[in-house]
Structures are given as structure tokens and as C-alpha cells.
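Q: Dropping the sequence and predicted coords here.
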Amino acid sequence: MISLDQLTAEILSLPSASRAILADKLIESLEFDIDTSIQSAWSTEAKKRRDEVRDGSVRVIPGDDALAQVRNSIDL
């Protein structure tokens, strides 16, 4: 059987895209205790926000502009 150190060395020798895919798979494997009520609340909130953007009831700010606004407010 391969040791954890050997496995780590092999994984780190993979291209970064492959390591990213593997990292995602490892993280997914740890998410076994998902609270369905929390999952449902986030899903509802995401759909509400999506609908607000689609119907124009909120103003969308490009990411760069939002970051600039945050940086400006911190510099005050």
C-alpha cells in the first residue's frame, strides 16, 4: 500500500488543473453532513436574488466597481 507521503508527492507532481479537480473531489467527499434546511434556505435566497436581477428590481454592479467601492470606503 502507498504511504500518505508517497501519495502526496505523486499528487503534487500532477498538473495544476488535475490537482484542482482532485481537490474538488476531495472536498465533495467531506460534505456528508449537509443540513437540508440550510441548503434549502440558500437555494431560496439564490433564486430570489436571481429573480431580482432578472426583473430589474436591483441594480447590478460589476465586480471591479464593487471592489473599488469597498476599497474606497476602507480608505476613508
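A: That came through, no problem.

Q: residues in contact with the lengthiest helix in the chain?
A: In the chain, assigned by DSSP state H, the helix with the most residues is helix 36-55. Residues from elsewhere that reach helix 36-55 (C-beta atoms under 8 Å, 6 or more residues apart in numbering): Val58, Val60. From N, CA and C alone the C-beta is placed, and that goes for glycine too.

Q: How far away from the center of its chain is it?
A: In terms of C-alpha atoms, centre = their mean, to the nearest Å, the centre of helix 36-55 is set 16 Å apart from its chain centre.

Q: what does the helix or strand following that helix rub up against?
A: Next helix or strand after helix 36-55 toward the C-terminus (DSSP states H and E): helix 63-75. Applying C-beta under 8 Å, 6+ apart, the contact partners of helix 63-75 are Ile61.

Q: Kindly export helix 63-75 (C-alpha atoms) in CSV.
A: Extracted in CSV, the C-alpha atoms of helix 63-75 (Å, rounded to 0.1, in the frame of the first residue of the first chain):
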residue,chain,number,x,y,z
GLY,A,63,-17.2,43.2,-9.7
ASP,A,64,-14.4,45.7,-10.4
ASP,A,65,-16.7,48.6,-9.4
ALA,A,66,-17.9,46.8,-6.3
LEU,A,67,-14.3,46.2,-5.2
ALA,A,68,-13.3,49.8,-5.9
GLN,A,69,-16.3,51.0,-3.7
VAL,A,70,-15.2,48.7,-0.9
ARG,A,71,-11.6,49.8,-1.1
ASN,A,72,-12.6,53.5,-1.2
SER,A,73,-14.8,53.0,1.9
ILE,A,74,-12.0,51.4,3.8
ASP,A,75,-9.5,54.2,2.9
